[in-house]
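Participant: following is a predicted model, sequence given first.
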Amino acid sequence: MPVSGIVVRCLDGCADAVSARIAAIDGVEVHGVSPDGQIVAVIEADTVQGEVDLVSHLHDVEDVVTVRLAYHNFEDI
Amino acid sequence: MEVSRRDFLKATAAAAAFAAAGGAVLKPKLAEAAEGGIKWGKAPCRFCGTGCGVLVGVKDGKVVATKGDPAAPVNKGLNCIKGYFLAKILYGKDRLTKPLIRKGNKMVEASWDEAMTLIAGKFKESIEKHGPDSVAIYGSGQWTVFEGYAASKLFKGGIGTNNIEPNARLCMASAVTGFMTTFASDEPMGVYDDLDLGDTYFLWGANMAECHPVLFSRMIDNRLKNPKVKIIDFGTRRTRTSQMADTYIRFNPQTDLALLNAIAHVIVKEKLYDEKFIQSHVVFKKGKTNIGYGLEDKFKFVDEPKPMTFDEYKDFLKTYTPEYASKLSGVPTATIVEMARLYADKNRKVNSLWTMGFNQHTRGTWVNNLVYNVHLLTGKICRPGENPMSLTGQPSACGTAREVGTFTHRLPADMVVTDPEHRAKAEKIWGIPAGKIPAKPTYNATEMFRALDRGDIKVIWTQVTNPFQSLPNLNRYRKGARKGDGRFVIVSDMYPTKSTEVADVILPSASWVEKEGVFGNAERRTQQWFKMVDPPGEAKNDLWQTIELAKRLGHGNLFPYKYVEKEMWEEYRKFGEGQGKDMAPYEAYAKARGLRWPVVNGKETLYRYAEGHDPYVKKGEGIKFYKNKKDGGKAVIWARPYEPAPEVPDKSYPFWLCTGRVLEHWHTGTMTGRVPELKRAYPAAVCEMHPDDAKKLGIKNLQKVKVSSRRGTIILPVDLNGRGKAEKGNIFVAFFDENKLINELCIDAYCPISGEPDYKKCAVKVEKA
């Protein structure tokens, strides 16, 4: 099962609200917020495509500005 | 407590994300444990022209992980969503692993020797019977520098034909001719640092949020830190970029020409220009008008530049009142005036950014010229944080197509085959007899496939690209390829594509970190990587394939290298030395996360033409466009008029069709769409349409429609609530979907100067299917 670490940038002052919104999504685990308000999360899905679907979905979550990928491990696929 | 391997991996993922977000590294020990056995190497990303740095993790001969490279200045540890596809591109289930030869309607496995013998035989036969211009190679902005260089050297210097083109002709040829006509030197003066340092960004027909997400993020990060930052999105379609911009300005297709002239009009009328800058650094010129659209086979055009004075240029601009441009474009007069003032505001650092909206345009060269005009009038150029920047879509459109010069008319380092001195220099470096390189360019990409259709080209080899999905007016060229009568199509690729469908021989290729390579990105950054894993089965590097053909054609002497990549690099960089196109020795790139040329005395150049940054500009010169020797080191402001598109909506075909990319797919989808049954996020192409237009036609969301142009028809669902929103009278369809060949509808009209087709404008009708 692939695992990835992502960084979510949201509108100013929305980090807590967005954290809550995305933490509610199955397969997304919020690990914290950086000093300048970027959300760090871990994505898990059965397939790489599943990860892409999740991240694609995150782009459409309210107040999310960008979603970027920091780390991707897919040795189990 | 026992910590599972899965927890290790998750901790590692989180730690990397924290580090990239600028936070503290979390649980470094756990992270280290999880990474046991993974060996990391650096490479630029395989996808777009941004050139993000990726760390590639290899274990047991397989790529098992990737990281945004924290040491890479382009992306500082973060990749976009396409980073996920790096995992998929190498290990798709249908990878081509053996050469295949057509036997009737079947493709039959063959050995490399069998395939190469057949190919060489076809080349020899065609050259003997029909001359060297009957064979061709069609490559790509995804060619590594070595692959492009070897192809150019073999075809121009060995076989003796200029029948070489890259798919970059379909992608940024207008940017090239824009740079060449304005500055006499290709590629931008500025760098990505301008995204961090500027405060005003005009985007012209560029959906950066989806197509260049990492660069877009840099700009957004800048805005979050600096409330002064403004992003203005000029577009014909409302996109994710428009949502994030401070201002979205909708304009009618093709009227960017009028808008930019109107902006210049206001700047001149209100005397907002930088008089001193203009006097010192600018000349004025005009060229031919009513220049045609390249719709006829063998279309030829040569511009006739004529000098003009600033006053004559001012006269030219008189037509382009904001009112006139407003009528054409649909942009309110007051907005045009406001935008002109914003461009000229002395307290603002202004940048313009564009990609395919400008380049895929039947007046693509002109519209590139016109945006430079505005920067040259206001003197907002060659300074940190204020520059015009043409973005690119492929990882080495700059490095290979442009710098190596894999176009029919080009040689490395901006040289051209039409110049006897340039040919002589190339012949000397290549060690070939004088007069070997033909003086006449042959075909641009569209004309190349027209020549195949007519039968003037018999044998064509395509590498790292998918023309039989990506060409405009596709039906003609797909049929042309299978007309027989001596035509022979060779396709090198890693996966079956719409192009392998029409091939006589399919060669399995190595990709990305399965070979050693160099790419050059949009900010002049040259990036090298080493081979990290073996390609699957019998797949081989395209570089090896080209050299193998050379040997079998008796041109093996052109490639006398032991360490091919290193020695080829050292030969290649002789072209640019002392020409403002200097590259560093090969070893330097093995260490650096890329270097931006010109690299002189080991130092890269951030701002070209600017004293203190560019080593070619002498002390006291300030700014010097030194490559434009014929105009005394000055740049050119061009009087280029508005002219309409070749095909505009009418009663029978009332909609504009625009094509393009979406976030989750890249180009023709051969690498991003590898697992068909799982393509959920953006599974198939849809027709974006304005709800009012749909209502008028009685079409409901997701209902199937038939979209037709004068050239073709496809059926696909309508999307009224998509991420992108079509404006009234316009529809948008992405071109990644090989089951919905939208390019069959596109017109094969092109910019007469650049030869680049317009995929953004043709007339279509929409009916219920």
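Facilitator: The structure has been received and is ready for your questions.
Participant: which ones are touching the closest residue in space to residue B:179 that isn't next to it in sequence?
Facilitator: Leaving aside its chain neighbours, residue B:179 sits nearest to residue B:186 (4.7 Å; criterion: CB to CB, 6 or more residues apart in numbering or on different chains). In this view, the C-beta of every residue, glycine as well, is placed from N, C-alpha and C. Shown in contact with residue B:186 (CB atoms under 8 Å, 6 or more residues apart in numbering or on different chains): B:176, B:179, B:180, B:402, B:403, B:414.
Participant: quick one: pLDDT of residue A:59?
Facilitator: pLDDT, the model's per-residue confidence, is 89 for residue A:59.
Participant: give the buried residues for the longest helix along chain A.
Facilitator: Looking across chain A with DSSP state H, the single longest helix is helix A:48-59. Using 16 or more other CB atoms under 10 Å in any protein chain shown as the test for burial, helix A:48-59 gives A:48, A:49, A:50, A:51, A:52, A:53, A:54, A:55, A:56, A:57, A:58, A:59.
Participant: near chain B, which of the residues you listed show up?
Facilitator: A:48, A:49, A:50, A:51, A:52, A:53, A:55, A:56, A:57, A:59 (CB under 8 Å from any CB of the partner chain).
Participant: residues touching the residue lying closest to residue B:752 once chain neighbours are set aside, list them.
Facilitator: Once flanking residues are discounted, residue B:752 sits nearest to residue B:301: 3.7 Å by CB to CB, 6+ apart. Applying CB under 8 Å, 6+ apart to residue B:301 gives the contacts B:288, B:291, B:292, B:294, B:752, B:753.
Participant: including distance to residue B:656, pLDDT and secondary structure, could those go into a markdown table?
Facilitator: As requested, the contacts of residue B:301 are arranged in a markdown table below (distance: CB to CB, whole Å; pLDDT from 0 to 100; DSSP: H, G, I helix; E, B strand; the rest coil):
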| residue | distance to residue B:656 | pLDDT | secondary structure |
| --- | --- | --- | --- |
| B:288 | 27 | 98 | coil |
| B:291 | 22 | 98 | coil |
| B:292 | 21 | 98 | coil |
| B:294 | 19 | 97 | coil |
| B:752 | 21 | 98 | coil |
| B:753 | 23 | 98 | coil |
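Participant: put the buried members of these into a PyMOL selection.
Facilitator: Here is the PyMOL command that selects the buried residues among those (16+ other CB under 10 Å):
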select buried, chain B and resi 291+292+294+752+753
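Participant: residue B:22 touches residue A:35, doesn't it?
Facilitator: Yes. Taking contacts as CB atoms under 8 Å, residue B:22 lies within contact range of residue A:35: 6.8 Å.
Participant: which one of the two is surrounded by more residues?
Facilitator: residue B:22 (13 against 9; other CB atoms under 10 Å in any protein chain shown).
Participant: and that one, which of the three is it?
Facilitator: The three-state label given to residue B:22 by DSSP: H, G, I helix; E, B strand; the rest coil is coil.
Participant: residues in contact with it?
Facilitator: Residue B:22 makes contact with A:34, A:35, A:36, A:38 under the criterion CB under 8 Å, 6+ apart.
Participant: next SSE downstream of the least confident helix or strand in chain A by mean pLDDT?
Facilitator: Sorting the helices and strands of chain A by mean pLDDT, DSSP states H and E puts helix A:48-59 at the bottom, at a mean of 89. Counting by DSSP states H and E, the element after helix A:48-59 in chain order, helix or strand, is strand A:64-73.
Participant: which helices and strands sit right next to that following strand?
Facilitator: strand A:3-10, helix A:48-59, helix B:5-20, strand B:62-68, helix B:213-225 (3 or more CB pairs under 8 Å, 6 or more residues apart in numbering or on different chains; DSSP states H and E).
Participant: mind listing what's buried along the third one?
Facilitator: Think helix B:5-20. B:8-20.
Participant: and the buried residues of helix A:48-59, which is closest to residue B:87?
Facilitator: residue A:48 (5.3 Å; CB to CB).
Participant: in the sheet, who's paired with residue 66?
Facilitator: With no chain named, the answer covers chain A. residue A:9 (DSSP bridges).
Participant: could you do chain B instead?
Facilitator: Beta-bridge pairing for residue B:66 (DSSP bridges): residue A:72, residue B:56.
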